[in-house]
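Visitor: Have a look at this fold, sequence not included:
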């Protein structure tokens with residue numbers, strides 16, 4: 001076998017997804033921190049299964065159709081840092097192989113290289129000893145084999161690549177001391193190897209069934225509610241300038257709108273060149289593109305130049321020019337409605353091309369300036385966030401990392417021009433950034449909050465009177481003023497940061513890691529707060545969870561009042577699962 005066609009690619013992807021799913025609990029066990037949260041194996045499985053549902057449903061697949069399903073599905077279904085990185089590996093690979101009728105070894109190696117490049121770019125501070133290291137090692141080995149012989153049989157090639165990937169995985173503890181101390185390899189890297197082992201089994205003609213294959217492909221979303229994953233929507237690349245028409249000085253007088261019916265899909269570089277040209281002759285640019293259409297809105301003094309440039313890429317439709325200097329006050333009001341109608345027309349054309357019914361165009365309330373999305377679980381925490389101004393709370397966090405699509409959907413539900421997103425968990429920040437990058441029609445800004453107390457502090461720092469950038473800076477700065485601690489239990493025996501931990505031990509975790517280990521919840525919580533206190537501390541806030549009674553919380557409150565009589569104490573029923581207490585010190 002020297003090539004892979006679309007039907008085989010379809011079977012191989014499903015085999016890889018199934019093998020990851022079958023080994024997710026083993027991968028979960030490799031996590032360094034023994035906390036009972038949504039672990040790497042679970043997040044990677046939910047990510048790949050978001051694509052597998054669409055891949056499996058295709059009856060006459062092509063390399064292009066499978067690439068779109070894998071890239072789009074995993075992008076929107078990505079959960080946790082490991083899931084986001086996996087989706088970026090898929091995205092780079094799939095983008096590189098588009099347009100192929102079948103895949104040669106040269107195509108596969110090139111796809112590996114672009115996948116690794118894309119994944120590294122997606123992580124602000126890439127860390128070696130992780131899934132990235134394993135992916136890069138696999139790519140380098142594939143390139144080495146290609147240089148030896150371009151006609152390598154695919155199966156033999158895959159065997160050597162997977163074997164080398166396992167070698168790289170075994171060396172990850174040498175690159176990350178925390179792995180060595182815990183006696184484990186990197187869990188994300190192990191997940192990637194499980195996918196490739198499933199692919200290899202498929203290449204050898206073996207069938208890899210999911211252990212729960214009698215169940216339809218269904219994914220846990222939000223707080224564990226099972227529902228079928230929707231087919232991926234098109235992913236748009238958007239660049240926008242000013243949203244409002246100046247009431248004092250109109251530099252560019254013609255609001256120009258049109259849709260380009262593409263003759264062929266534009267690469268990102270060509271879309272960027274189109275944007276650069278349009279910005280050279282105007283401002284207030286909104287330019288979104290997918291495989292078939294490009295929608296343009298621009299303010300310019302030369303609409304004809306914009307049309308001429310657009311004609312280089314295909315036919316034009318839905319063209320509209322408005323003179324903004326005429327009846328200016330009326331235009332300010334109509335501009336927002338025009339954008340909604342144009343967006344509806346854009347969607348309508350796509351649906352007409354697919355033979356679908358025309359969607360209804362419904363009137364909506366004008367958007368407010370600012371909106372907020374946050375992630376939290378527990379009725380008490382959710383209510384607190386809503387009381388201080390959060391519009392939409394995604395149910396999730398430690399026990400279930402929401403997907404990119406969950407976050408994107410929440411952003412879309414908030415009727416505001418600027419939507420601030422508070423992930424409130426370090427393992428959700430990448431997915432939130434990914435959602436913000438593909439959001440269309442409004443500006444989404446991620447405040448990288450790692451805990452709910454940081455999210456609350458950021459919300460308190462927000463000001464209606466300040467601009468978007470000033471608010472972003474203030475909210476980010478506010479997260480540095482609060483220390484967070486969490487109290488939970490260990491799910492396995494391990495050693496972390498020099499502390500021997502047994503299954504069932506109570507752990508106090510602060511911003512630096514595991515601070516306290518003991519046998520009693522109240523004792524560990526008290527010692528954790530002691531470690532967090534300093535001479536500047538003026539407020540201790542405690543959120544007790546669903547497994548902590550009000551009486552137990554009151555007892556802890558009295559102890560802390562006696563120990564810290566000059567510090568303000570604030571107790572709330574957070575209702576969060578898994579964590580007996582979440583505490584903050586400010």
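Guide: Thanks, I have it. This is a predicted model, so every value here is computed, not measured. Numbers count the residues shown, from 1 in each chain.
Visitor: How about residue 91, nearest residue that isn't a chain neighbour?
Guide: Across the structure, with CB to CB, 6 or more residues apart in numbering as the measure, the residue nearest residue 91 apart from its sequence neighbours is residue 71 (4.8 Å). No exception for glycine: its C-beta is placed from N, CA and C like everyone else's.
Visitor: likewise residue 258?
Guide: Here the nearest residue to residue 258 in space, its sequence neighbours aside, is residue 319; by CB to CB, 6+ apart that works out to 4.4 Å.
Visitor: just checking, what packs against the helix or strand where the one you found lies?
Guide: Secondary-structure element containing residue 319, defined by DSSP states H and E: strand 314-323. Helices and strands touching strand 314-323, as assessed by 3 or more CB pairs under 8 Å, 6 or more residues apart in numbering; DSSP states H and E, comprise strand 254-262, helix 303-310, helix 328-353.
Visitor: Distance-wise, check the residue nearest to residue 258 relative to residue 503.
Guide: 67 Å (CB to CB, to the nearest Å).
Visitor: Which one's more surrounded, the two?
Guide: Neighbour tally, residue 319 and residue 503, criterion other CB atoms under 10 Å: the higher count belongs to residue 319, 14 against 11.
Visitor: Double-check residue 10 against residue 55; I have them as touching.
Guide: Yes: under the criterion of CB atoms under 8 Å, residue 10 lies in contact with residue 55, with a separation of 5.9 Å.
Visitor: list residues touching both of the two?
Guide: Between them, residue 10 and residue 55 share the neighbouring residues 61, 66, with contact defined by CB atoms under 8 Å, 6 or more residues apart in numbering.
Visitor: Quick check: nearest residue in space to residue 119, chain neighbours excluded?
Guide: residue 88 (4.2 Å).
Visitor: and the one you found, helix, strand or coil?
Guide: Secondary structure, DSSP: H, G, I helix; E, B strand; the rest coil: residue 88 is helix.
Visitor: List the contacts of the residue positioned nearest the centre of the chain.
Guide: For the chain, the residue nearest the mean C-alpha position is residue 431 (1.5 Å; CA atoms, centre = their mean). When contacts are counted by CB under 8 Å, 6+ apart, residue 431 is found next to 78-80, 83-84, 401-404, 407, 423.
Visitor: in this structure, which ranges drop under the pLDDT threshold?
Guide: Scanning the chain for pLDDT under 70 picks out the ranges 32-38, 212-251, 284, 286-290, 324-364, 397-399.
Visitor: returning to what we had before: buried residues in the helix or strand that the residue nearest to residue 91 is a member of, which are they?
Guide: With secondary structure defined by DSSP H and E, residue 71 is part of helix 63-77. Using 16 or more other CB atoms under 10 Å as the burial criterion, the residues of helix 63-77 that qualify are 63-64, 66-77.
Visitor: and those as TSV, adding distance to residue 583?
Guide: Listed next are those as TSV, based on distance: CB to CB, whole Å:
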residue	distance to residue 583
63	52
64	52
66	48
67	47
68	46
69	44
70	42
71	41
72	41
73	39
74	36
75	36
76	35
77	33
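Visitor: which residues of the stretch 151-300 of the chain fall in strands?
Guide: All strands of the stretch 151-300 of the chain, identified by DSSP state E, counting those that start in this stretch, fall at 219-221, 225-227, 237-240, 254-262, 282-289, 293-300.
Visitor: Assign residue 570 to helix, strand or coil.
Guide: Reduced to three states with three-state DSSP, the structure at residue 570 is strand.
Visitor: OK, contacts around it?
Guide: Under the contact definition (CB under 8 Å, 6+ apart), the residues listed for residue 570 are 539-542.
Visitor: Could you do residue 94 as well?
Guide: Counting by CB under 8 Å, 6+ apart, residue 94 has contacts 66-68, 70-71, 111.
Visitor: what's the closest of the residues you listed to residue 293?
Guide: Set against residue 293, the nearest of these by CB to CB is residue 68 (14.9 Å).
Visitor: For residue 185, see how far away the closest one is.
Guide: 33 Å.
Visitor: repeat for residue 560
Guide: Distance check for residue 560 against residue 185: by CB to CB, it reads 41 Å.
Visitor: With residue 500 instead?
Guide: With distances taken as CB to CB, residue 500 is found 20 Å from residue 185.
Visitor: okay, these two: which has more neighbours?
Guide: Taking neighbours as other CB under 10 Å, residue 500 and residue 185 compare with residue 185 leading, 22 against 10.
Visitor: right, and the more buried one touches residue 168 too?
Guide: No: under the criterion of CB under 8 Å, residue 185 makes no contact with residue 168, lying 9.7 Å away.
Visitor: need the strands for the stretch 401-550 of the chain, in chain order.
Guide: Assigned by DSSP E, counting those that start in this stretch, the stretch 401-550 of the chain shows strands spanning 416-422, 443-446, 483-489, 494-496, 499-501, 506-510, 513-518, 539-544.
Visitor: For residue 207, which of these is the nearest?
Guide: Residue 207 lies closest to strand 494-496 among these, at 35.8 Å (CB to CB).
Visitor: how about the closest residue in space to residue 523 that isn't next to it in sequence, what does it touch?
Guide: With CB to CB, 6+ apart as the criterion, residue 523 has its nearest non-adjacent residue at 8.0 Å, and that residue is residue 506. If a contact means CB under 8 Å, 6+ apart, then residue 506 has 487-490, 517-521, 523-524, 580 as its contacts.
Visitor: Try it again at 10 Å.
Guide: Residue 506 sits next to 487-490, 516-525, 528, 580 when contact means CB atoms under 10 Å, 6 or more residues apart in numbering.
Visitor: again with residue 160
Guide: Residues near residue 160 by CB under 10 Å, 6+ apart: 141-142, 144-145, 148, 152.
Visitor: could you flag which of those residues are buried?
Guide: 141-142, 145, 152.
Visitor: I'd like to know how far the residue nearest to residue 119 sits from residue 70.
Guide: For residue 88, the distance to residue 70 equals 12 Å [CB to CB].
Visitor: hmm, back to that, quickly note the distance from the residue nearest to residue 258 to residue 257.
Guide: Between residue 319 and residue 257 the computed distance is 7 Å (CB to CB).
Visitor: repeat for residue 400
Guide: Residue 400 is 41 Å from residue 257, where distance means CB to CB.
Visitor: And residue 500, by the same measure?
Guide: 65 Å.
Visitor: surely residue 507 meets residue 489?
Guide: Yes: counting by CB atoms under 10 Å, residue 507 touches residue 489, with 6.9 Å between them.
Visitor: Which of the two has more residues huddled nearby?
Guide: residue 507 (23 against 18).
Visitor: give me every residue that touches residue 280.
Guide: Residue 280 touches 300, 305, 309, counting by CB under 10 Å, 6+ apart.
Visitor: buried set for stretch 90-110?
Guide: 90-98, 100, 103-105, 107-110.
Visitor: What is the end-to-end distance of it?
Guide: Length of stretch 90-110, first residue to last, CA to CA, to the nearest Å: 13 Å.
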